[in-house]
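# sequence plus predicted model, see below.
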Amino acid sequence: MNVILKQDMPNLGHKDDIVAVKNGYARNYLIPKGYAINATAQNKKVHEEILRQRAHKEEQLKEAAMQLAEKLKKVSLTIGAKTSTKGKIFGSVNTIQIAEALIEKGFEVERKNISIKDDLIKEIGSYSATVKLHKEVLVDIPFEIVSE
């Protein structure tokens, strides 16, 4: 029996895949739990239309992310931190400070989409962070830590 998966299933397939499974597994587990629907001709047509619309929306999101990436490539951040006389930072600089600095520059980026290449930043200097705007669009942003 062929079914269309509604979510990722380990050892079976990913969301929106059409997979062949045994009849009992589909009727007694996948379909009643809502993990899959029967792959009838009508369901396949609806499924193809949903995939086509989703691809169109995904393309628009990717285009918007590319435009934002071009603007972000020109940005350089300066983040102030309290430091000792030897240049050691009290605490550390993390993605929250980078997100706040980007908001001050006029870019709305969620902090969970920002990753710092160095695990912990504990000293004054120049560093780089990666911003994930889309699953295929990544931007490196240089930033500098200065003493307040």
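Sure thing, it's come through.

# tell me the SS of the closest residue to Glu108 other than its chain neighbours?
Residue nearest to Glu108 in three dimensions, not counting chain neighbours: Leu102, with 7.8 Å by Cβ to Cβ, 6 or more residues apart in numbering. (Glycine included, C-beta is placed from N, CA and C.) Following DSSP: H, G, I helix; E, B strand; the rest coil, we place Leu102 in the helix state.

# show me the contacts for Leu102.
By Cβ atoms under 8 Å, 6 or more residues apart in numbering, Leu102 lies in contact with Val75, Leu77, Glu108, Val109, Val131, Ile141.

# quick one: it from Lys73, how far?
13 Å (Cβ to Cβ, to the nearest Å).

# again with Val93
Where Lys73 is concerned, Val93 sits at a distance of 21 Å (Cβ to Cβ).

# and the longest helix along the chain, what does it pack against?
Secondary structure of the chain per DSSP state H: the longest helix is helix 41-72. Contact partners of helix 41-72 among helices and strands, from 3 or more Cβ pairs under 8 Å, 6 or more residues apart in numbering; DSSP states H and E: strand 2-5, strand 125-134, strand 137-147.

# recalculate using a threshold of 10 Å.
strand 2-5, strand 18-20, strand 36-38, strand 125-134, strand 137-147 (3 or more Cβ pairs under 10 Å, 6 or more residues apart in numbering; DSSP states H and E).

# can you point out the buried residues in it?
Ala65, Leu68, Leu72 (16 or more other Cβ atoms under 10 Å).

# the inter-axis angle of the helix or strand just after it versus strand 137-147?
For helix 41-72, the following helix or strand on the C-terminal side (DSSP states H and E) is strand 77-81. Relative orientation of strand 77-81 versus strand 137-147 (axes from the mean of the first three to the mean of the last three Cα atoms, to 10 degrees): 40 degrees.
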